[in-house]
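Chemist: got a sequence here, can you build the structure:
(chains A and B)
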Amino acid sequence: MDKESFIVEVENLVRKFDGFTAVDNITFQVRKGEVFGFLGPNGAGKTTTIKMLCGLLSPTSGRGRVGDYDISTQSEKIKENIGYMSQKFSLYEELTVEENIDFYSGIYRVKKVLKKERKEWVLKMADLEDKRGRKTGELALGWKQRLALGCALLHNPPILFLDEPTSGVDPVSRRNFWDMIYSFSDKGTTVFVTTHYLDEAEYCHRLGLIFKGKLVQIGTPEELKGKSVSGSIWELECDKPIEALDFLQKDKRIMEVSLFGINIHLLLPSGEEVTPFSHLLKEKGIEVIRLHKVIPSLEDAFVSLIRKES
Amino acid sequence: MLEILNLLKQYGSLVAVDYLNLKIEKGEMAGLVGPDGAGKTTLMRILSAILPPTSGSARVAGYDIIRDAEKLKEKIGYMPQRFGLYEDLTVLENLNFFSELYQLSKKQKDEKYKEVFNFSQLEPFKDFLAGNLSGGMKQKLALSCVLLHTPEVLLLDEPTRGVDPLSRRDFWRILFEQQKRGITIFISTSYMDEAERCQKVAFLDKGRLIAYGTPKKLKEIMNEFLYEISCDKTREAKSVLEKVDGISGISIFGEKIHFTLREEKLLANIKNKLKDTGVEILNLRRIEPSLEDIFIFLKQDKIEIRNG
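Modeler: All right, here's what the predicted structure looks like:
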């Protein structure tokens, strides 16, 4: 991968607040046209990082580049070249759909000759043409989300920052939203998403996992699932799940036992065989209906990685 | 343990809960799943006897939500989305406050505190102000408070919203402990992966119950085959799939595509079409639908019926 294809490059970035290190020496790159997820629990340093990348906060040390601009010295240029959509959508509820678009056209200094064309583009893209006169506050969440996305794209930025974009949105609207995101990514727009929702993370091409200010792991969702979980996860279906859960929880060889509906998930360390547990359950009078290996979820990976760190 | 009969709640012309019927057995954990605005909170408030329904009835822990509201409140633990912890009181002072509210004796208090500290692991923080706790810890404290009077039914309204995955697992571990003691749990969530952990799942959409059953039963609703494909050219593959008859619901997940097929035998044709376009298939396998797939399937199905 040559240097040209990276649109965001961050090297040894640090941000401290009164002795507290919010972002601790992180280094990563984002490729042009990629959907990159920045994943971490609350307080991990996601917002501090995104603020530095958007030129809203200067780093304590280290370097960063977004597009052709340096985040420490060219923050004004960066602001003109990015789109930002927050989880609260920052729309004016009492304004109409059209008025919100006009407002953001002004903020992003969209050229006068282009204003009408860009507005129609947003209305069409978000499927809001017949709702242009409606008060924004009256729209369902999924519509608001698309309007906010449209507003963030009015000035045609090469890079788009999304902060937990689909939290609380219904699954159908969420899939539609991601369809739109992929079509922008296809046309070369880079998308940087911060989230702690693992179902949003599944949609990303690559993920960086941040914890206590440090970048713990980086890779595709599949790579993270494969790399992070040490051991194997087994799903057990049996006739008495609660009793089985109680029994298995007492076994020190099992790293983690949890209930999933009527099934139980067991995390076994590498090298540990599963058959003995099946026998033990039978001896207890619990009938094993099915016991099979499952692929770890992104949440399994996330939890294991964080456990290793802390 | 919980039974809802033709429950209706209207706010003016808005129908928040639309003639709902539902039954949860003793000791079961049932999940209430739906998007924002589906009516989850309204339903939880009605079941907690805080909000009267427009019509219909419900019984919780043996008591009618209208006639026996006061008795019912003694038998349930209700944790609303914004639980009323006192941020300027310490952890211990919060527990003391709720103990007094429930009129616990000294002995009951000692026993209960031991129990809640054991599962919440909050004892080292007992003199911390509640306002200074992390989101996950606050939720554990709130849950401790609603468990002090040993309720038979727990009604939890999106308790893990905005809580990170690690704290979320911890919270669920506590819920399973409670379930093992025979407590019935009704929990609302907008996370589909949490719904997978419940024994029964209720899908709520615009106040209507669109499906109810075990996750396994719900997955049988989908009478189509779901596949996951990874290939070298995701975009091209998607446009090929879009043109194939018998395929519906194509969605991209990063480098992978999910699609549903009406008939399994169409698969060979799809493989050929992809090869002809120069797309190399790296992996193609049938997958079990997630509850999210089912929710989407049900909603799309409905739209088709309405249009037809």
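Chemist: ok, and the closest non-adjacent residue to residue B:6?
Modeler: Nearest non-adjacent residue to residue B:6, counting by CB to CB, 6 or more residues apart in numbering or on different chains: residue B:56, 4.0 Å away. Where C-beta positions appear, they are placed from N, C-alpha and C, glycine not excepted.
Chemist: again, but for residue B:5
Modeler: residue B:57 (5.1 Å).
Chemist: any low-confidence regions in chain B?
Modeler: In the predicted model of chain B, residues B:301-308 satisfy pLDDT under 70.
Chemist: how much space separates the residue most central in space within it from residue A:43?
Modeler: Central residue of chain B (CA atoms, centre = their mean): residue B:189, 3.2 Å from the mean position. Residue B:189 sits 22 Å away from residue A:43, going by CB to CB, to the nearest Å.
Chemist: contacts for the host helix or strand of residue A:98?
Modeler: If you go by DSSP states H and E, residue A:98 is part of helix A:97-107. With CB atoms under 8 Å, 6 or more residues apart in numbering or on different chains as the test, helix A:97-107 has contacts from A:91-92, A:95, A:115, A:118-119, A:122-123, A:128, A:131-134, A:136, A:139, A:147, A:150-152, A:154.
Chemist: after it, next one along is what?
Modeler: Remark: after helix A:97-107, the chain's next helix or strand is helix A:112-125, criterion DSSP H and E.
Chemist: buried residues in that following helix, which are they?
Modeler: A:118, A:119, A:121, A:122, A:123, A:125 (16 or more other CB atoms under 10 Å in any protein chain shown).
Chemist: relative to helix A:97-107, how tilted is that helix?
Modeler: 140 degrees (axes from the mean of the first three to the mean of the last three CA atoms, to 10 degrees).
Chemist: next one: helix A:112-125 to chain centre, how far?
Modeler: 29 Å (CA atoms, centre = their mean, to the nearest Å).
Chemist: just checking, what packs against that helix?
Modeler: helix A:97-107, helix A:141-152 (3 or more CB pairs under 8 Å, 6 or more residues apart in numbering or on different chains; DSSP states H and E).
Chemist: quick check: mean pLDDT of the longest one?
Modeler: By that I understand helix A:141-152. Average pLDDT, helix A:141-152: 90.
Chemist: and for the helix or strand residue B:216 falls within, what's in contact with it?
Modeler: Residue B:216 belongs to helix B:215-220 when assigned by DSSP H and E. Outside helix B:215-220, the residues within contact range by CB under 8 Å, 6+ apart are A:261, A:262, B:195, B:196, B:198, B:201, B:203, B:211, B:288, B:289, B:291, B:294.
Chemist: and for the fifth one, the neighbour number?
Modeler: A count of neighbours around residue B:198, defined by other CB atoms under 10 Å in any protein chain shown, yields 26.
Chemist: where's it relative to residue B:242, distance?
Modeler: 35 Å.
Chemist: let me know the secondary structure of residue B:295.
Modeler: helix (DSSP: H, G, I helix; E, B strand; the rest coil).
Chemist: state the number of residues packed around the residue nearest to it when sequence neighbours are not counted.
Modeler: In this structure, residue B:295 finds its nearest non-sequential neighbour in residue A:171, 5.1 Å apart by CB to CB, 6+ apart. Residues near residue A:171, counting by other CB under 10 Å, number 22.
Chemist: enumerate every residue touching residue A:171.
Modeler: Contacts of residue A:171 by CB under 8 Å, 6+ apart are B:35, B:192, B:292, B:295, B:296, B:299.
Chemist: which one among these gets closest to residue B:179?
Modeler: residue B:192 (20.1 Å; CB to CB).
Chemist: coming back round to it: just list what whichever helix or strand comes after the helix holding residue B:216 packs against, helices and strands only.
Modeler: With elements assigned by DSSP H and E, the helix or strand that comes after helix B:215-220 is strand B:225-231. Applying 3+ CB pairs under 8 Å, 6+ apart, we find strand B:225-231 packed against strand B:256-261, strand B:281-286.
Chemist: show me the helices in the chain, by range?
Modeler: Chain wasn't specified; assuming chain A. Applying DSSP state H to chain A gives helices spanning A:46-53, A:75-81, A:97-107, A:112-125, A:141-152, A:171-186, A:198-201, A:221-228, A:241-249, A:275-283, A:298-309.
Chemist: not what I meant, chain B
Modeler: B:40-47, B:69-75, B:91-101, B:106-120, B:135-147, B:165-180, B:192-195, B:215-220, B:234-242, B:267-276, B:291-307.
Chemist: redo the ones you listed as a markdown table? Include mean neighbour count and distance to residue A:224.
Modeler: Shown next, in a markdown table, are the helices of chain B (neighbours: other CB atoms under 10 Å in any protein chain shown; distance: least, CB to CB, whole Å):
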| stretch | mean neighbour count | distance to residue A:224 |
| --- | --- | --- |
| helix B:40-47 | 23 | 31 |
| helix B:69-75 | 15 | 44 |
| helix B:91-101 | 18 | 35 |
| helix B:106-120 | 15 | 30 |
| helix B:135-147 | 22 | 22 |
| helix B:165-180 | 19 | 13 |
| helix B:192-195 | 22 | 16 |
| helix B:215-220 | 16 | 25 |
| helix B:234-242 | 17 | 19 |
| helix B:267-276 | 14 | 27 |
| helix B:291-307 | 16 | 20 |
